[in-house]
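> Just the structure for this:
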Amino acid sequence: MKCFGLKTHKYSKESRSGGCVSKMAALYVFGLLLIIGVAQCEPIEPEIAYIEDSLRGSRIVSGWEAVNGQFPYTVSIRMVGPTGGVGACTGSILTNEWILTAAHCLARRFTFVVRLGQVDITTPGYMVESTEWYVHEGYIQEETAVQTDDIGVLKLDRYIPYGDYIQPIRIQSSQRNLEEYTLLQLTQSGYGRTDDWWAGGIVPDILYWTYQRGLSMLVCRSWYPHSQVIDDRKTICAQFFNDTSQNPCTGDSGGALTLVDVDGKLTQIGIMSFGSSRGCNTHNPSGYVRPEYYHDWLEKTTGINFDWNVEDLEIAPDGDHGSGQIKFIDN
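Purely as a prediction, here's the structure:
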């Protein structure tokens, strides 16, 4: 998709596009976010028959409860739209000022609350508001269908302190764009539903996580043969690991798909973007945005260069790959 320059959205605490927001209204919005632990985003009809926007269908299904410090880069995002509707997404920490997430989590919203530092969002932790956000210029906010360039960032209103439970994540190097993760064991965490709402899925207060396995782009396209969203440069796909119901679900949008790299460090290789119209509890693959494709945009937007040289990697000794995520799995 052709780009026409950086499209930014910077909303102050007192104003937003199209009119003014009074202090009372702002107070109401903030109170609303505190009262509603988890709320669902409004339904969005998919443009493509076999792909569904993950706002409508993306919590970890068949996953496990996380413990504090296990995913210190994962944050919960609550956002308010122009009509007062509250939505839920997930994001990852780039720095103590910037949060990475999906563009569709930010589009047409005007204020956000980010919770971090605790896997249980009902317990005391850090809660930071954000009224400054940016989506990629290739993402058309007025469109409600699934799109490529589904990437955005939040700038927090204040710095967050690093600690055992709050840490940034390294995003993949641009030198590894187009890399295939076929049959590699990957990990995803998120604050989404445990299943589709019609199947009795609930929205827990706890961060959940699950394993996924990488798919080749050839296989991914075979699942969605009519899709015009999947782009080899910008998209990766993943599927269940060892249980066909292992999938992201509503609220996991914008969350990180990760692997432990050859140097033993955790690396984010995907941003949760879309799932299947068949629902969450299915063996259909999910689609993720490749963050490494967007290093130039990220630097232009944040002023920070997140890219790195793969030649600087030091191979970790055997057994030092964290939880052993770097491995191939059987077909």
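> from here on, contacts and neighbour counts on C-alpha atoms
OK.
> Hmm, Phe274 is touching Gly287, no?
Yes: the pair Phe274 / Gly287 is scored as a contact, 5.1 Å apart, by C-alpha atoms under 8 Å.
> quick one: which of the two has more around it?
Of the pair Phe274 and Gly287, Phe274 is the one with more neighbours under other C-alpha atoms under 10 Å, namely 31 against 25.
> wait, is Thr258 part of a helix?
No: Thr258 is assigned strand when assessed by DSSP: H, G, I helix; E, B strand; the rest coil, not a helix.
> That one - how many residues pack around it?
Going by other C-alpha under 10 Å, the residues that sit close to Thr258 add up to 24.
> Any figure for the gap between it and Ala107?
According to C-alpha to C-alpha, to the nearest Å, Thr258 and Ala107 sit 24 Å apart.
> ok, Arg176 to Asp307 distance?
In terms of C-alpha to C-alpha, Arg176 sits 11 Å off from Asp307.
> shared neighbours, the two?
Glu292 (C-alpha atoms under 8 Å, 6 or more residues apart in numbering).
> Compare these two (neighbour count), which wins?
Using other C-alpha under 10 Å as the criterion, Arg176 and Asp307 rank with Asp307 on top: 18 against 14.
> Three-state assignment for the more buried one, please.
Asp307 is classified as coil under three-state DSSP.
> nearest residue to it other than its sequence neighbours?
Ser173 (5.5 Å; C-alpha to C-alpha, 6 or more residues apart in numbering).
> Check Leu313 too.
Asp263 (5.9 Å).
> May I ask which helix or strand encompasses the one you found?
Asp263 belongs to no helix or strand when assigned by DSSP states H and E.
> Report the contact partners of it.
Counted by C-alpha under 8 Å, 6+ apart, Asp263 has contacts Leu313, Glu314, Ile315, Ala316, His321.
> if I look at the closest residue to the third one other than its chain neighbours, how far off is Tyr293?
The spatially closest residue to Ile315, leaving aside those adjacent along the chain, is Asp263, at 4.6 Å (C-alpha to C-alpha, 6+ apart). According to C-alpha to C-alpha, Asp263 stands 21 Å off from Tyr293.
> got the domain boundaries for this protein?
According to automatic domain parsing, the chain comprises the domains 8-49+72-155, 170-302.
> Please identify the most buried of these.
Most buried of the domains of the chain, by mean neighbour count (mean count of other C-alpha atoms under 10 Å): domain 170-302, with a mean of 22.
> Could you give the separation between the terminal residues of that domain?
Note: domain 170-302 ends 15 Å apart using C-alpha to C-alpha.
> Stretch 160-167 too?
End-to-end for stretch 160-167, by C-alpha to C-alpha: 10 Å.
> average pLDDT for it?
Per-residue pLDDT over stretch 160-167 has a mean of 96.
> Pull up the distance across stretch 109-128, start to finish.
End-to-end span of stretch 109-128 (C-alpha to C-alpha): 16 Å.
> hmm, who's touching it?
When contacts are defined by C-alpha under 8 Å, 6+ apart, stretch 109-128 is touched by residues 11, 16, 33, 37, 66-69, 72, 74-82, 129-132, 156-158, 160, 165-166, 205-207.
> now swap in stretch 161-170 and tell me
68-73, 92-96, 116-118, 266-268, 306.
> Now go through the residues you listed and say which are in strands.
Ser92, Ile93, Leu116, Leu266, Thr267, Gln268 (DSSP state E).
> what would those look like in TSV with distance to Ser227 and pLDDT?
Formatted as TSV, the ones in strands among the contacts of stretch 161-170 follow (distance: C-alpha to C-alpha, whole Å; pLDDT from 0 to 100):
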residue	distance to Ser227	pLDDT
Ser92	27	98
Ile93	30	98
Leu116	35	93
Leu266	31	95
Thr267	28	97
Gln268	24	98
